[in-house]
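**Q** show me how the following folds:
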Amino acid sequence: MASDTAETIINILATIATACLFLSMIPGMYTVHKKRSTTGVNFYPLAMMFGQSMGWVIYSFADHSFFPVGAVNSLGAVLGVVFSAIFILHEKDRRVRYSIFFCGVFALVIALLLYRFLGTQDDDKIAKVLGYFADVLAIIMFGAPLILMGDVIKTKNSEIIAAPMAVSGFINGSLWSAYGIMQMNNYVLVPNAISVLLCLVQVILVLIFPHKKGELSEKFSVDNEVDVAVVLNARAEARVLRRVCALLYSALAAMYVRCA
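**A** Numbering: from 1, shown residues only. The predicted structure follows:
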């Protein structure tokens, strides 16, 4: 009885933490919209917020757990679309590239929806595949800022790391990891434990290398007006895009193997 109560409390706290994680980006995106500048904001976690949230919403359809899993992630899906749209609207130099990436994430979501409703497997097997895929998308979302960790260390500036999202992600992942341990559910435990580590690294980087607004732009731009939202130069951006796409491809390949 006591253990059931503890699980319920942890589940409620984790659900609230998930909502706070999604909401933590509102101040930053409001600033983007107000200043009409994407400087210091990382686009990829925004797009992946939509992708991983929709992954969990679709998973909840198969697992029959819309409340609270699907409900709270519906918030993340809506905010992910809104945040991505705001970013792309105010992005000057790489709008087409980011739009293409978001369309790719959207296509993956459509593929997952088709698999859920047209798949010939039973709901349990479909839920396992969708859960695995949502896990991978969540890990990519939390890990995206660390792809440029070398640049953060080199410039001693964590401007491209969203501190509120990193802290919220650490708390959220810790609570879901605890819930996974109580439930002895590796599908919950493993990805959230990885997310905790990824967010912890980001928090440490923010503490060691505080945000220095504008310094990255001055150091890596031409005429001091190049956006540093995700990358510090064109080569770094291409590297980020290749790695994120490679992770998405790996997830798709794994889903195909499980469906076969």
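
**Q** report the separation between residue 148 and residue 31.
**A** 21 Å (C-beta to C-beta, to the nearest Å). No exception for glycine: its C-beta is placed from N, CA and C like everyone else's.

**Q** settle it for me: which of the two has more neighbours?
**A** Taking neighbours as other C-beta atoms under 10 Å, residue 148 and residue 31 compare with residue 148 leading, 22 against 14.

**Q** and stretch 30-49, end to end?
**A** This stretch, stretch 30-49, spans 17 Å end to end (C-alpha to C-alpha, to the nearest Å).

**Q** check the offset of that stretch from the chain's centre.
**A** On the basis of C-alpha atoms, centre = their mean, to the nearest Å, stretch 30-49 sits 13 Å off its chain's mean C-alpha point.

**Q** which positions in that stretch come out as buried?
**A** Across stretch 30-49, burial judged by 16 or more other C-beta atoms under 10 Å covers 32, 37-49.

**Q** shaky segments in the stretch 101-250 of the chain?
**A** 213-250 (pLDDT under 70).

**Q** which one is the residue most central in space within the chain nearest to, not counting chain neighbours?
**A** Here the mean C-alpha position of the chain is nearest to the C-alpha of residue 141 (C-alpha atoms, centre = their mean), at a distance of 2.4 Å. Closest residue to residue 141 apart from its sequence neighbours, by C-beta to C-beta, 6 or more residues apart in numbering: residue 48 at 3.7 Å.

**Q** ok, the one you found to residue 9 distance?
**A** Distance check for residue 48 against residue 9: by C-beta to C-beta, it reads 29 Å.

**Q** pretty sure residue 137 sits against residue 55.
**A** Yes: using C-beta atoms under 8 Å, residue 137 is in contact with residue 55, at 4.9 Å.

**Q** the residue nearest to residue 3 when sequence neighbours are not counted: neighbour count?
**A** Distances taken as C-beta to C-beta, 6+ apart put residue 182 closest to residue 3, at 7.1 Å, once the chain neighbours are dropped. The tally of other residues near residue 182 (other C-beta under 10 Å) stands at 16.

**Q** cool, and residue 176?
**A** Residue 176, neighbours per other C-beta under 10 Å, totals 26.

**Q** let's number from 19 now, not from 1
**A** Fine by me, first position is 19 from now on; the one you just mentioned is residue 194.
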